[in-house]
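Asks: Let's see this in three dimensions:
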Amino acid sequence: MLNISDIRIDKRLSLEKCHSSRKLNPEMWAVKFSRWLLILLGMFILALFLPWTQNIRARGTVTSFNPTENPQTIQSRIDGMIAEWFVQEGQVVNAGDTLARLTEIKDEYFDPSLLLRTGSQVDAQKQANDSYLEKARAIEQQLQALESTRVAKLQQGRNKITQNRLKVRADSADWVAATVGLAIADTQFRRQESLFKKGLISKTDLENRKNKLQESVAKETSARNKFEASQAELSISLTEISAIENDFVEKISKASSERFAALSQYYDGESKLNKLQNSLSNYTIRRDNYYITAPQSGLVAETMRSGLGETVKQGESIATIVPMEYTHAVEIFVDPMDLPLIHKGEVVRLLFDGWPAIVFSGWPNTSYGTFGGRVVALDRAIGPDGKFKVLIQPDPGDTPWPEAIRIGTGTSAIALLKEVPVWYELWRQLNGFPPDFYVPADSNGNAETKKK
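Replies: Alright, predicted model coming up:
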């Protein structure tokens with residue numbers, strides 16, 4: 001009020017009875033505001049003691065639990081040119097179906113009779129190797145024959161040496177006997193000569209004794225010559241056995257050298273044969289690689305080389321096949337600081353891109369549009385992006401995952417940890433502390449099942 005008049009209305013009327021006056025009364029508004037403020041403060045204080053589930057958030061994608069069920073790119077095993085396509089994008093194929101046919105672009109494989117010519121070379125080399133092997137076997141038999149002959153000849157020479165030694169002994173005995181007879185005849189002749197000089201015997205008797213002396217001399221000379229001849233024959237036989245040994249050693253060494261040469265040619269031929277067989281196998285496998293086939297059943301999602309006459313290099317992708325049936329899984333990537341808080345078998349809530357969801361991370365039982373999962377594997381080594389991979393499969397006791405999700409769909413994961421009061425969680429967030437270290441309480445090693 002401006003107070004420009006002395007007449008006051010508030011003295012005549014009771015403003016408290018007016019509805020608009022009561023609405024504009026500052027004191028009443030202050031009382032109501034204080035009441036509401038106290039109520040809100042009480043609710044806030046009560047809310048601070050409500051349970052809050054600590055959690056870890058991470059991003060990931062939908063994948064397949066079995067590696068063979070992931071999308072697979074088909075590569076060309078050889079360098080070639082696309083000559084024909086047998087499929088188109090979006091077509092369903094079975095394992096072993098032909099996708100495309102390639103033709104050769106390298107000049108060393110242009111010969112249409114390459115396999116036949118290489119096979120002929122393999123057969124010729126086999127025959128050459130067989131010849132070398134037969135030659136080595138023939139020389140082996142020759143060596144055995146030479147060894148047998150050597151043994152026989154050496155035995156014959158040893159027998160001859162034994163015979164000559166016996167002959168030397170016999171001739172030596174005859175020579176000794178002849179020498180003794182000569183000495184006796186000489187003594188008798190001298191005695192007869194002495195008697196003849198004394199006139200006791202006739203000259204005829206002396207001449208007879210002299211004749212016997214000459215016979216003894218002849219016998220001794222003959223026995224000595226036989227003995228020396230026997231010794232000479234013994235020496236010759238000893239020399240002959242050494243010559244036989246040396247001769248057979250030379251023949252056996254020569255035959256052995258020829259055998260080793262044949263075996264060397266055989267082994268060299270085997271090496272060439274292996275190379276030719278390897279080349280033949282490579283040519284055969286290369287011909288089989290002209291046709292690119294599907295390794296598994298699935299849908300042809302994309303063809304990287306769709307035209308004809310385009311050249312592809314070895315290992316270059318030409319098509320992608322997506323399996324029709326696969327086991328869903330989710331791979332997420334967590335920071336090294338959060339990895340110790342995640343354990344195998346723990347419950348995880350998942351949000352799939354494209355599926356609406358209302359999420360209250362601290363109260364998972366009030367969330368809508370999330371799906372349950374359980375941790376089945378944790379990576380042991382850090383990835384190139386500085387995070388660890390965690391693999392999650394559907395929780396059999398929760399809502400089934402949507403059938404429409406595809407491999408590669410983006411996913412957000414909320415790993416549920418320990419339950420704490422709200423005030424503790426606010427205090428932790430304000431101080432920047434990590435979630436409490438949490439170990440499953442199950443004694444069997446399984447993660448503790450949390451109430452969703």
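Asks: Which parts of this protein belong to which domain?
Replies: Domain assignment for the chain, taken from automatic domain parsing, gives 51-70+326-452, 72-104+290-322, 114-285.
Asks: now those domains in TSV, with distance to Met43?
Replies: No exception for glycine: its C-beta is placed from N, CA and C like everyone else's. Output for the domains of the chain, formatted as TSV (distance: least, Cβ to Cβ, whole Å):
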stretch	distance to Met43
domain 51-70+326-452	12
domain 72-104+290-322	53
domain 114-285	77
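Asks: a markdown table please, covering those domains and showing distance to Leu37 and mean pLDDT.
Replies: Listed next are these as a markdown table, based on distance: least, Cβ to Cβ, whole Å; pLDDT from 0 to 100:
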| stretch | distance to Leu37 | mean pLDDT |
| --- | --- | --- |
| domain 51-70+326-452 | 20 | 77 |
| domain 72-104+290-322 | 60 | 86 |
| domain 114-285 | 85 | 85 |
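Asks: Any idea which of those gets closest to Ile39?
Replies: Among the domains of the chain, the nearest to Ile39 by Cβ to Cβ is domain 51-70+326-452 (18.2 Å).
Asks: Can you give the distance of that closest one from its chain's centre?
Replies: Per Cα atoms, centre = their mean, to the nearest Å, the displacement of domain 51-70+326-452 from the mean C-alpha position of its chain is 37 Å.
Asks: For the longest strand along the chain, enumerate the helices and strands it packs against.
Replies: Taking DSSP state E as the criterion, the chain has its longest strand at strand 51-64. Helices and strands touching strand 51-64, by 3 or more Cβ pairs under 8 Å, 6 or more residues apart in numbering; DSSP states H and E, are strand 328-334, strand 388-394, strand 410-421, helix 422-431.
Asks: How about it, which residues are buried there?
Replies: Neighbour-count burial for strand 51-64, with 16 or more other Cβ atoms under 10 Å as criterion, is recorded at 52-56, 58, 60, 62-64.
Asks: cool, and stretch 278-297?
Replies: 280, 283, 286, 292, 294.
Asks: repeat for stretch 67-80
Replies: For stretch 67-80, burial by neighbour count (16+ other Cβ under 10 Å) applies to 69, 71-72, 74, 76, 78-80.
Asks: swap in stretch 222-235?
Replies: Under the neighbour-count criterion of 16+ other Cβ under 10 Å, stretch 222-235 has 223-224, 226-227, 230-231, 233-234 buried.
Asks: For Arg305, which residues are in contact?
Replies: The contact partners of Arg305, by Cβ atoms under 8 Å, 6 or more residues apart in numbering, come to 82, 312, 316, 318-319.
Asks: does it count as helix, strand or coil?
Replies: Here Arg305 is recorded as coil under DSSP: H, G, I helix; E, B strand; the rest coil.
Asks: Which of the buried residues of stretch 67-80 fall in strands?
Replies: Among the buried residues of stretch 67-80, the members falling in strands (DSSP E) are 72, 74, 80.
Asks: how close does the second one get to Arg287?
Replies: Okay, so that is Ile74. As for Ile74, its distance to Arg287 is 19 Å (criterion: Cβ to Cβ, to the nearest Å).
Asks: Next, Leu206: secondary structure please.
Replies: The local conformation at Leu206, judged by three-state DSSP, is helix.
Asks: Quick check: which of the helices and strands packed on strand 51-64 is nearest to Phe371?
Replies: Proximity to Phe371 (Cβ to Cβ) singles out strand 388-394 among the helices and strands packed on strand 51-64, at 7.5 Å.
Asks: Indicate each strand paired with the closest one and its parallel or antiparallel sense.
Replies: If you go by DSSP bridges, strand 388-394 pairs up with strand 328-334 (antiparallel), strand 371-378 (antiparallel).
Asks: With respect to Lys389, which of the ones you listed lies nearest?
Replies: Nearest to Lys389 among the strands paired with strand 388-394 is strand 328-334; the distance by Cβ to Cβ comes to 5.5 Å.
Asks: what element comes up after the closest one heading to the C-terminus?
Replies: Note on strand 328-334: by DSSP states H and E, the next helix or strand toward the C-terminus is strand 347-352.
Asks: so what strands line up beside that next one?
Replies: Its sheet considered, strand 347-352 pairs with strand 371-378 (antiparallel), strand 410-421 (antiparallel) by DSSP bridges.
Asks: how much does it deviate in direction from strand 51-64?
Replies: 60 degrees (axes from the mean of the first three to the mean of the last three Cα atoms, to 10 degrees).
Asks: Other residues contacting strand 347-352?
Replies: Here strand 347-352 has contacts from 62, 330, 357, 359, 364, 367, 369-375, 392, 395, 401-402, 405, 409-416, 447, 449-450, 452, using Cβ under 8 Å, 6+ apart.
Asks: Pull stretch 389-400 out as PDB, backbone CA atoms only.
Replies: Output of stretch 389-400 as PDB, limited to C-alpha atoms (Å, rounded to 0.1, in the frame of the first residue of the first chain):
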ATOM      1  CA  LYS A 389      37.900 -58.800 -23.100                       C
ATOM      2  CA  VAL A 390      35.100 -60.500 -21.100                       C
ATOM      3  CA  LEU A 391      32.700 -63.000 -22.800                       C
ATOM      4  CA  ILE A 392      29.100 -63.200 -21.700                       C
ATOM      5  CA  GLN A 393      26.400 -65.800 -22.500                       C
ATOM      6  CA  PRO A 394      22.600 -65.600 -21.900                       C
ATOM      7  CA  ASP A 395      21.400 -66.300 -18.400                       C
ATOM      8  CA  PRO A 396      19.200 -69.400 -18.600                       C
ATOM      9  CA  GLY A 397      17.100 -68.200 -15.700                       C
ATOM     10  CA  ASP A 398      16.400 -64.800 -17.200                       C
ATOM     11  CA  THR A 399      14.400 -63.400 -20.100                       C
ATOM     12  CA  PRO A 400      15.700 -64.900 -23.400                       C
END
